[in-house]
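**Q** pasting the sequence and the predicted model now:
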Amino acid sequence: MTALKAAFPHTLPVLTGYLFLGTAFGVLLGSKGYSLGWAILMSTIIYAGAGQFVAIGLLTTAFNPLYAFIITLVVNARHLFYGISLLNRVSGIGRKKSYVAFGLTDETFSILCSTEAPDGVDRSWFMFFITLLDHGYWIAGSALGVVLGAMVDFNAKGIDFVMTALFVVIFIEQWKSQQYHGPAIIGIATSTVCLLLFGSNNFIIPAMLAIVLVLILCKKTLERRTAA
């Protein structure tokens, strides 16, 4: 309970965002004829915001397993890099590591990277409850969206843009919290180049690989300037 109480305040921004994002997902899913049970099941088992928005399209078209695998991999490939960068942080937390890995989202990753467990609070339970609370917020938002969507009749076209909006807000907050913006600028520049070279449908994985490569090559310079 001590760890839960310590984790909760750090997840409040995610609570606000996930209620709106989850509601958008629920509304969109409900508009395609899927019930409350589907929303809860998808948000519990899949638990991938952008991936779930993509899944709605996959559910409403002819099923192609290979295409579904590739598009899901592309959309969520960034989680591979999240997991690698968290290896040191999750070491020593025992069986909770499996759930923390499963529940790793952009927002949870941001909190786990920037927040330390307070003195006297078990680190493994602290990380576990941050992940669990964020997961619960997403499930609640998804369920709320289906219910509200069934009560109000409106055109849901374009509502999935809320995911893009959230990523922009996260980037702005990360930018404001840091004095040195070298890594962020590298990310923007590298992604822009890959977008021009590979096109909007194929640039995500090349961009991520290129960003990692550039960051590794510039590691010492970036660390020195960040310290300064």
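**A** Thanks, I have it. All values reported here derive from a predicted model rather than from experimental measurement.

**Q** show the pLDDT at the closest residue to S114 other than its chain neighbours.
**A** With CB to CB, 6 or more residues apart in numbering as the criterion, S114 has its nearest non-adjacent residue at 7.7 Å, and that residue is S177. For the C-beta atoms, the positions are set from N, CA and C on the backbone; glycine is no exception. On pLDDT, S177 comes in at 74.

**Q** how much space between S177 and E223?
**A** 18 Å (CB to CB, to the nearest Å).

**Q** coming back round to it: relative to Y82, how far out is the residue nearest to S114?
**A** Distance from S177 to Y82, by CB to CB: 18 Å.

**Q** helix or strand right after the helix or strand of the chain with the lowest mean pLDDT?
**A** Of all helical and strand segments in the chain, the minimum by mean pLDDT, DSSP states H and E falls on helix 161-177, at a mean of 74. Moving toward the C-terminus from helix 161-177, the next helix or strand (DSSP states H and E) is helix 182-198.

**Q** low-confidence stretches in the protein?
**A** Applying pLDDT under 70 to the chain flags residues 154, 156, 159-160, 162-163, 166, 170.

**Q** quick one: the helices in it?
**A** Applying DSSP state H to the chain gives helices spanning 2-31, 36-45, 49-59, 65-76, 78-85, 87-90, 96-102, 106-114, 123-151, 161-177, 182-198, 204-217, 219-227.

**Q** mind listing what's buried in the fourth one?
**A** Within helix 65-76, the residues that qualify as buried by neighbour count (16 or more other CB atoms under 10 Å) are A68, I71, T72, V74, V75, N76.

**Q** rebuild the residues you listed as TSV, extending it with distance to R123.
**A** Formatted as TSV, the buried residues of helix 65-76 follow (distance: CB to CB, whole Å):
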residue	distance to R123
A68	37
I71	36
T72	31
V74	33
V75	31
N76	26
